[in-house]
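Asker: Got a predicted model here, sequence first, then my questions.
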Amino acid sequence: MTAVVASGIDWTAGGVRILDGVDLEARAGEVLGVLGPNGAGKTSLLRILAGLRRPDRGTVLLGGQPLRGAARRTVARRLAIVEQSPEVHSDITVDETVALGRTPYRGTFAPLGRADHAAIDYALAVTGMSAYRDRSWQTLSGGERQRAQLARALAQEPETIVLDEPTNHLDIRYQLETLTLLRGLGLTVVTALHDLNLAARFCDRLAVLAQGRVVATGAPAEVLTATLIQQVYAVDAVVERSAHTGAPSATYLGPSSRSG
Ligand SMILES: Nc1ncnc2c1ncn2[C@@H]1O[C@H](COP(=O)(O)OP(=O)(O)OP(=O)(O)O)[C@@H](O)[C@H]1O
């Protein structure tokens, strides 16, 4: 079964067409990387996939059901999003932040139940955040905030998780741990990534956005080519298959003289 299918998505903001006829498909259980330069429309698309923004045209199906018209709570039990700079009330603790992930399962004033505590403990443990549970959000580093947000999303026990640059602010060890964790969850993962080599290594398939359009989709070895990097990023690169990981790996030579 296909988990998330976006078809013919248009979105305009400030009189500018930001997304233009975008088709995107994430199959159940796969990790789909969404790549593209700054301003290509990745965040806009992810917010539409998560139902946080309505497209002007086009549809999003989640497990075959249209997102439009679905109850927020129903969607939140199936899909969680980790945004780049989420607004968090600065007085709350990590524990309370992660507990927000349980909102779709609870009555408004109901106390946390056994299943809630188990989900929160699990989410804190797998993200390496158990030792931070009593810390105030305000005192966290950028990387710790990123991991706490991932824990909040995992506590939501979704089938699909949508992430906007989840490795932002993370040191290389946590980048590798986070992507390894995402791969191992068995969930459908749609993630924006800037690091092409990490994307090629950890994603089953890649979709590349440029100026609001999908310009390439496929397996990393099909998508990550020197020609694509030149055309989309205006950067000269050499792409080789890594002898160590087997994934395509780009070495950037410099900004291209033929600007894109
Ligand atoms: N509400 C808005 N009003 C006007 N323009 C917007 C709005 N939201 C996004 N944009 C513009 O749409 C374009 C795409 O933005 P978006 O954040 O989706 O790109 P992105 O690919 O995620 O970029 P980045 O890699 O820099 O995070 C940008 O030019 C941005 O300025």
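Answerer: Happy to help now that I have it. As the structure is a computational prediction, the values presented were derived from the model and not from experiment.

Asker: Could you pick out the residues of this protein near the ligand for me?
Answerer: Residues of the chain lying close to the ligand (Cβ under 6 Å from any ligand atom) are A13, G14, I18, G36, N38, G39, A40, G41, K42, T43, S44. No exception for glycine: its C-beta is placed from N, CA and C like everyone else's.

Asker: Next, count neighbours for the fifth one.
Answerer: By the measure other Cβ atoms under 10 Å, the count of residues near N38 is 7.

Asker: Am I right that it sits in a helix?
Answerer: No. When classified by DSSP: H, G, I helix; E, B strand; the rest coil, N38 is found to be coil rather than part of a helix.

Asker: okay, it: pLDDT?
Answerer: Listed pLDDT for N38 reads 95.

Asker: Ramachandran angles for it?
Answerer: Reported as degrees, to the nearest 10, the phi and psi values for N38 are phi -50, psi 130.

Asker: now it: how far from V31?
Answerer: Distance of N38 to V31, computed by Cβ to Cβ, to the nearest Å: 22 Å.

Asker: need the contact list for the closest residue to Y174 other than its chain neighbours.
Answerer: Beyond its immediate neighbours in the sequence, the residue positioned closest to Y174 (Cβ to Cβ, 6 or more residues apart in numbering) is G143, lying 6.0 Å away. Under the criterion of Cβ atoms under 8 Å, 6 or more residues apart in numbering, the contact list for G143 reads H169, L170, D171, Y174.

Asker: so is the second one in a helix, a strand, or just coil?
Answerer: Pointing back at L170 there. Using three-state DSSP, the secondary structure recorded for L170 is coil.

Asker: That one touches R145, doesn't it?
Answerer: No. Look at L170 against R145 with Cβ atoms under 8 Å: they stay out of range, at 10.5 Å.

Asker: Starting from the ligand, give me the distance back to P158.
Answerer: When Cβ to the nearest ligand atom, to the nearest Å is the yardstick, P158 and the ligand sit 21 Å from each other.

Asker: From L185, how far off is the residue most central in space within the chain?
Answerer: Centroid-nearest residue in the chain: L163, 1.8 Å away (criterion: Cα atoms, centre = their mean). Per Cβ to Cβ, L163 is found 11 Å from L185.

Asker: do P66 as well
Answerer: Where L185 is concerned, P66 sits at a distance of 25 Å (Cβ to Cβ).

Asker: So which of these two has more stuff around it?
Answerer: Of the pair P66 and L185, L185 is the one with more neighbours under other Cβ under 10 Å, namely 14 against 10.

Asker: okay, the more buried one: pLDDT?
Answerer: For L185, the model assigns a pLDDT of 89.

Asker: Ok, R258 next?
Answerer: Confidence for R258, expressed as pLDDT, is 59.

Asker: Roughly how far does the closest residue to V189 other than its chain neighbours sit from A243?
Answerer: Spatial nearest neighbour of V189, chain neighbours left out: V31 (4.4 Å); criterion: Cβ to Cβ, 6+ apart. In this view, V31 and A243 are 23 Å apart by Cβ to Cβ.
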